[in-house]
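Student: Have a look; sequence and predicted model below, questions after that.
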Amino acid sequence: MKFYDKGFIYKYANYTQVQIFSAGTAVLDMKIYEDRVCKSTFQCQDLETFNSKNLHKSYDKDFLRNLFNTNEKEVIHRDKENRILIKIRRD
């Protein structure tokens, strides 16, 4: 997955929703629960399966949830070995 556009992170009691838009069209709508990730383009996957298919199997199951739930203004995750770069900048 590659996205370079603006988006929103919504935090709810039971999940975190990540929406990314390009030219006003949603290109990613993902809900991150404690035990699974659900995207509009596929049925829910457990965290390990999501990491294995979209990131790398070595990632901790809570990686994605922790990444989007941090309150830092800027988050940068670089994984040169697996060629993964994730940047989150909050306005």
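Tutor: It's in. Note that the structure is a prediction, hence the values are computed from the model and not measured.

Student: quick one: contacts of stretch 80-91?
Tutor: The contact list for stretch 80-91, computed with Cβ atoms under 8 Å, 6 or more residues apart in numbering, reads 9, 55-56, 58, 67-68, 72-79. C-beta coordinates here come from the backbone N, C-alpha and C atoms, glycine included.

Student: actually stretch 46-56, sorry about that
Tutor: Residues outside stretch 46-56 that contact it (Cβ under 8 Å, 6+ apart): 1, 35-37, 45, 57, 59, 61-65, 79, 82, 84.

Student: circling back to that earlier point, just to be sure, which of the contacts of stretch 80-91 are found in helices?
Tutor: Members of the contacts of stretch 80-91 lying in helices (criterion: DSSP state H): 67-68.

Student: quick one: which of the contacts of stretch 80-91 is nearest Tyr15?
Tutor: Nearest to Tyr15 among the contacts of stretch 80-91: Phe68, at 10.3 Å, using Cβ to Cβ.

Student: Sticking with the spatially most central residue of the chain, tell me its helix or strand.
Tutor: For the chain, Leu64 is the residue whose C-alpha lies nearest the centre (Cα atoms, centre = their mean; 5.4 Å). Take DSSP states H and E as the rule and Leu64 turns out to sit in helix 63-69.

Student: Figure out how far that helix is from the centre of its chain.
Tutor: Remark: helix 63-69 is offset 7 Å from the chain centroid, using Cα atoms, centre = their mean, to the nearest Å.

Student: Which secondary structure elements does it sit against?
Tutor: strand 15-22, strand 25-33, helix 47-54, strand 84-89 (3 or more Cβ pairs under 8 Å, 6 or more residues apart in numbering; DSSP states H and E).

Student: rerun that using 10 Å as the cut-off
Tutor: On a contact count with 3 or more Cβ pairs under 10 Å, 6 or more residues apart in numbering; DSSP states H and E, helix 63-69 meets strand 6-11, strand 15-22, strand 25-33, helix 47-54, strand 74-79, strand 84-89.

Student: and that helix, which residues are buried?
Tutor: Judged by neighbour count (16 or more other Cβ atoms under 10 Å), helix 63-69 contains these buried residues: 63-65, 67-68.
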